[in-house]
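Participant: Have a look at this prediction, sequence included:
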2 protein chains.
Amino acid sequence: MSYRAPVADIAFALKYGAGMNEALSQGLYGDLGPGDLDAVLGEAGRFATDVIAPLNVVGDRHGTPLKDGHIVMPPGWKEAYTAWAAAGWNGLASPTAWGGQGLPRALNAACVEMWNAAAMSFGLGPVLTMAGIDALALHGNDDLKKTYLPKLVSGEWMGTMQLTEPQAGSDVGALRTRAERNADGTYRLFGQKIFITYGEHDLTDNIIHFVLARLPDAPPGTKGISLFLVPKFLLNADGTPGQRNDVHVHSIEHKMGIHASPTCTMVYGDKGGAVGYLIGKKHAGMACMFTMMNEARLMVGLQGVAIAERATQQALQYARDRKQGRGSGASGTASVAIIEHPDVRRMLLTMRALTQGARAICYATAVALDRSHLSKDADDRKAATDRAALLTPIAKAFSTDIGIDVASLGIQVHGGMGFIEETGAAQHYRDARIAAIYEGTNGIQAIDLVTRKLPLNGGETVKTFIAELREIAHNVRGANNPAFGATASCLGDAIDSLENATAWLTAHLNNETTSALAGATPYLRLFANAAGGCMLANEALAAIKLGDDAASTDHIATARFFAENIAVQNRGLEAIVVEAADSVTTAPLPGDVV
Amino acid sequence: MSYRAPVADIAFALKYGAGMNEALSQGLYGDLGPGDLDAVLGEAGRFATDVIAPLNVVGDRHGTPLKDGHIVMPPGWKEAYTAWAAAGWNGLASPTAWGGQGLPRALNAACVEMWNAAAMSFGLGPVLTMAGIDALALHGNDDLKKTYLPKLVSGEWMGTMQLTEPQAGSDVGALRTRAERNADGTYRLFGQKIFITYGEHDLTDNIIHFVLARLPDAPPGTKGISLFLVPKFLLNADGTPGQRNDVHVHSIEHKMGIHASPTCTMVYGDKGGAVGYLIGKKHAGMACMFTMMNEARLMVGLQGVAIAERATQQALQYARDRKQGRGSGASGTASVAIIEHPDVRRMLLTMRALTQGARAICYATAVALDRSHLSKDADDRKAATDRAALLTPIAKAFSTDIGIDVASLGIQVHGGMGFIEETGAAQHYRDARIAAIYEGTNGIQAIDLVTRKLPLNGGETVKTFIAELREIAHNVRGANNPAFGATASCLGDAIDSLENATAWLTAHLNNETTSALAGATPYLRLFANAAGGCMLANEALAAIKLGDDAASTDHIATARFFAENIAVQNRGLEAIVVEAADSVTTAPLPGDVV
């Protein structure tokens, strides 16, 4: 079965879970109103459902064969991309000055979820273009911006992010691609990049590469990296693509999933050097790259939400249709739909709760990003910047981890049919796996959370956030609604664990760094369990306030399931972070140098 | 990298974790000695490492194309299978009366792990042959046994298990394949079977199908099912394959993994009926099938262990070779192997602990099976039968669940390289996924554990087992070895949780079945966490007793890691089983009939 964009769920999560309604009423988004959100989400949902979703299977089967230096995208993809860009979706949140629509990033985030749920390989390309737009708009000079931004914002040209080299993966500072300055102020680039997403394709008539490289006088490590814009085709005087630049795809990877996203090895300078233009100051490329990476990390988190949503929809459909076995409460011999079996219900409820919890975290991150850009109050902007920084690694890692778990449960619900490729459940499982790796592995995210985000503002950023979670748990208790079951106490305990683990990590980070790092991954999950659980409970409280009985019942049930079955796991996670570091740091492994 | 059979680890787990040494000294295995075990394991390890392991990638890429009704196995597979059978591996634990070696089932289980780790698609075929041998030896008449068992035991012919039909998956009782009696006492079979593993291939010159079908006078449901032996080729008077029988492969599935295991749709009776022979009594097929299924379930559990072992080896190797980033304690700018990073160590230690914990549970199940067959004491046989029955669903479900988790961690350790097919980590992840589904989904296993195994002997079977776990935790405390860290208390708590959850389920099983079933899956995991943790601790205690310092250090570290990081999760799991049933049973799902 195909994907139907869950527009109502998404709108609810944006408005009530992530606080967009509040932001709208505060005027953060100018004269934009809730109805505008609904209109845009509705249109996006239709496009994702009708145009993009049918491309998913085609893309998986066709892949992106490389022939004579050209990559052939799957049938229908160029037409869909062109229509998508023409409808203005690429520049939804881009500055109006460059032809964008200047709409909220959070709204764009919701749309990015839908594009990726419809077809992750399709949704991935524009994520990189959007990241490039951000870096160029923030760090590029006027000339570069005028020349390239309009085409990137319109989506007529796509962008790429080029960091990785064989010896420089998570450790970007180890890269060796070099740039030499020409007399005219341009540069020539030489080197090789690997794992370059959408490095070559035929969707657009130019491709703008954002490339990290090293100047001859660069200091070692990350402090010696500069960012360059390298177009596939150099531009004619009238701005149209002209001479082919000296950057070429050398080969593509045969991957387990996202078959329709070409992953390229790119070669620079085989014929004298690829012409590039410096973005920002020299040796300041990492700052530019972080601009790209931070939002790209949120976008990858949304891919996790997206694949989880799609897998959940498909499993629900299958579980309603497939008849097998007798119900535990039923008499007689007639088969019941497997959705009636408690064990299958547990799987489906887990899928739904994890998906919606991850969505809530991602959207909250996106609203914080909006606030960091748009708030008129400097303190508010600073607080929002830090909030976004705190939540970004959680949004990325938790969402992509649960994307894998949910896709795996989706297969399980299908039984044997889930392992057969034609059913489609297997593709989600294969596709989902990459999102925990790229844009900084989830281990890197956890380390970022512990070492860079917990210390923000001397720990005040995380403290303030935890206090907000406490308030939600308090409000659940105050609602005094028996349908919540043990939600309030489970969330309270989960927040206690978050507080204890945070205190322990903060106390150990500087002097026992290795012990703190040993608990980084379980800590990130613990954090997400508390945050996701509280955000879903907050959505349930909002639904009650709205007086919508059907919505309340659903939201309360999801929040309760999350609290009692997922947040409750923080009991064990706290013990792992706080008490088990030695079991990691002292254990020998084969091949250790003693 | 390829697989190296971990013969020493396996021998240790068999002897000290699963209690084979004790059984040997008790004379359970006649005059077999520990040296015999080592010799067989060593030979098996060489064969698995040298001959089978290289087939794994070939099989994944080649698959098993169906051409004109014939399946072409991958290059080298027939030669390897022939050599494997000729070396006597197929009949290792089969009765000597039929040409087998009559060696312990537990020893065979260890070998099955190695065959499957070397190439899961290769190891899978013989699992079905062995299951068929068991059913035929136990339930077949003398004539059938004489005719077919020698060839099945030698591996000259392979067997298949044929239960599933489109409407009859987990619910075997819904099958429709029909058998009609001929005047000569044989039967003609008509119908269709799906998902038939190794239903057709070119490894052997005959294939013996074990087929569930329904006689015309059969009562509905599982009580009306009979088991038939249906050879691909009917036999000539001299016992050689003769006329082609009316059973044919109709199509094969395009699966996500185990590409070299042909998964067939089989059609019976297109040309007048496939000739079959009744095994056991009519309408008593389920009992015969359970004979096949129970041991097959353990074998599938071993596939989980196998893929986890292989993924762990590969990840360890990669983590030792790959240099990236600076160590958290190191100074300077030189890159370190990623195995030095605490977060990577956590992944590798998790992989190792889960693999060894699952192995311990599977081997303990196998030794119980041996005892159930071989003990001279009837009470001991009965207790062992029940012990094996109790542990089988845990061995199957936990091991295959962690097989997936460990394979996924294996990809994560590889970073981007893990997602590239040529690295091999992705194949493990794809292959591993099926084992949680076939031979009874893991949900079915959990339900079996709660509804059929907990009540065994009025609950005495599980109580006795828990008491043994308590004793191990007690002995760990008594060892008073600081290297154990908090192992004793973590295991004690984990057993408390097991006891509490068991009591709750037992109390609710009859009158609130739905609530009990809602917690079946988390309960199975909780059970496995306590059991696996204690068994690893028991191995560590044995290593200490042996006075082998290096082995003690390793085993203690693994047991401690398991206890402090995995068994400790029982805190949350107990709450889920005991307190969260309502969150499952009362939650609405889209499409529910209100």
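Facilitator: On my side now, so go ahead.
Participant: What is the lengthiest strand in chain A packed up against?
Facilitator: Longest strand of chain A, by residue count under DSSP state E: strand A:187-197. Identification of packing neighbours for strand A:187-197 by 3 or more C-beta pairs under 8 Å, 6 or more residues apart in numbering or on different chains; DSSP states H and E yields helix A:120-139, strand A:158-162, strand A:178-181, strand A:207-214, strand A:225-231, strand A:263-268, strand A:274-279. Placement of C-beta: from N, CA and C, glycine included.
Participant: got JSON lines for those, with distance to residue A:290, mean pLDDT and mean neighbour count too?
Facilitator: Formatted as JSON lines, these follow (distance: least, C-beta to C-beta, whole Å; pLDDT from 0 to 100; neighbours: other C-beta atoms under 10 Å in any protein chain shown):
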{"stretch": "helix A:120-139", "distance to residue A:290": "9", "mean pLDDT": "96", "mean neighbour count": "25"}
{"stretch": "strand A:158-162", "distance to residue A:290": "12", "mean pLDDT": "97", "mean neighbour count": "27"}
{"stretch": "strand A:178-181", "distance to residue A:290": "19", "mean pLDDT": "98", "mean neighbour count": "19"}
{"stretch": "strand A:207-214", "distance to residue A:290": "11", "mean pLDDT": "98", "mean neighbour count": "26"}
{"stretch": "strand A:225-231", "distance to residue A:290": "10", "mean pLDDT": "97", "mean neighbour count": "26"}
{"stretch": "strand A:263-268", "distance to residue A:290": "22", "mean pLDDT": "98", "mean neighbour count": "23"}
{"stretch": "strand A:274-279", "distance to residue A:290": "13", "mean pLDDT": "98", "mean neighbour count": "24"}
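Participant: Tell me which of those sits nearest to residue B:398.
Facilitator: When those are compared by C-beta to C-beta, helix A:120-139 sits nearest residue B:398, at 30.9 Å.
Participant: On the C-terminal side of that closest one, identify the next helix or strand.
Facilitator: Downstream of helix A:120-139, the first helix or strand assigned by DSSP states H and E is helix A:142-154.
Participant: name the helices or strands packed onto that next one?
Facilitator: Using 3+ C-beta pairs under 8 Å, 6+ apart: helix A:142-154 touches helix A:120-139, strand A:207-214, strand A:225-231.
Participant: and for that helix, what are the contacting residues?
Facilitator: A:85, A:90-91, A:94-95, A:98-100, A:129, A:132-133, A:136-137, A:140, A:157-159, A:206, A:208, A:229, A:231, A:235, A:239, A:277, A:279 (C-beta atoms under 8 Å, 6 or more residues apart in numbering or on different chains).
Participant: Relative to residue B:517, which of the helices and strands packed on helix A:142-154 is closest?
Facilitator: helix A:120-139 (34.4 Å).
Participant: burial of residue A:72, as a residue count?
Facilitator: 16 (other C-beta atoms under 10 Å in any protein chain shown).
Participant: Give me the phi and psi angles of the closest residue to it other than its chain neighbours.
Facilitator: Distances taken as C-beta to C-beta, 6 or more residues apart in numbering or on different chains put residue A:65 closest to residue A:72, at 5.4 Å, once the chain neighbours are dropped. Backbone torsions for residue A:65, taken as degrees, to the nearest 10, come to phi -60, psi 140.
Participant: Within the helices and strands, which one has the nearest residue to residue A:33 once chain neighbours are set aside?
Facilitator: Nearest non-adjacent residue to residue A:33, counting by C-beta to C-beta, 6+ apart: residue A:24, 6.4 Å away. For residue A:24, the host element (DSSP H and E) is helix A:20-25.
Participant: So which elements touch that helix?
Facilitator: helix A:34-47, helix A:342-374.
Participant: Now mean pLDDT and mean neighbour count too, for those, in CSV please.
Facilitator: Below are the helices and strands packed on helix A:20-25 laid out as CSV (pLDDT from 0 to 100; neighbours: other C-beta atoms under 10 Å in any protein chain shown):
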stretch, mean pLDDT, mean neighbour count
helix A:34-47, 97, 17
helix A:342-374, 98, 26
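Participant: Nearest to chain B among the ones you listed would be which one?
Facilitator: helix A:342-374 (4.1 Å; C-beta to the nearest C-beta).
Participant: any bit of the lowest-mean-pLDDT helix or strand in chain A sitting next to chain B?
Facilitator: Every helix and strand in chain A was compared by mean pLDDT, DSSP states H and E; the lowest is helix A:285-321, with a mean of 94. Yes. Interface with chain B: helix A:285-321 contributes A:316, A:320 (C-beta under 8 Å from any C-beta of the partner chain).
Participant: Same check on stretch A:503-519?
Facilitator: Yes. Using C-beta under 8 Å from any C-beta, stretch A:503-519 comes into contact with chain B via A:513-515, A:517-518.
Participant: Convert that stretch to PDB, retaining C-alpha atoms only.
Facilitator: What follows is stretch A:503-519, C-alpha atoms only, in PDB (Å, rounded to 0.1, in the frame of the first residue of the first chain):
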ATOM      1  CA  ALA A 503      23.600  15.700  37.100                       C
ATOM      2  CA  TRP A 504      25.900  12.600  37.000                       C
ATOM      3  CA  LEU A 505      27.200  13.400  33.500                       C
ATOM      4  CA  THR A 506      27.700  17.000  34.300                       C
ATOM      5  CA  ALA A 507      29.700  16.100  37.400                       C
ATOM      6  CA  HIS A 508      31.900  13.600  35.500                       C
ATOM      7  CA  LEU A 509      32.300  15.300  32.100                       C
ATOM      8  CA  ASN A 510      35.500  17.200  32.800                       C
ATOM      9  CA  ASN A 511      37.400  14.800  35.000                       C
ATOM     10  CA  GLU A 512      36.100  11.400  34.000                       C
ATOM     11  CA  THR A 513      35.300  12.200  30.400                       C
ATOM     12  CA  THR A 514      35.600   8.500  29.300                       C
ATOM     13  CA  SER A 515      33.000   7.400  31.900                       C
ATOM     14  CA  ALA A 516      30.700  10.200  30.700                       C
ATOM     15  CA  LEU A 517      31.100   9.300  27.100                       C
ATOM     16  CA  ALA A 518      30.400   5.600  27.900                       C
ATOM     17  CA  GLY A 519      26.900   6.600  28.800                       C
END
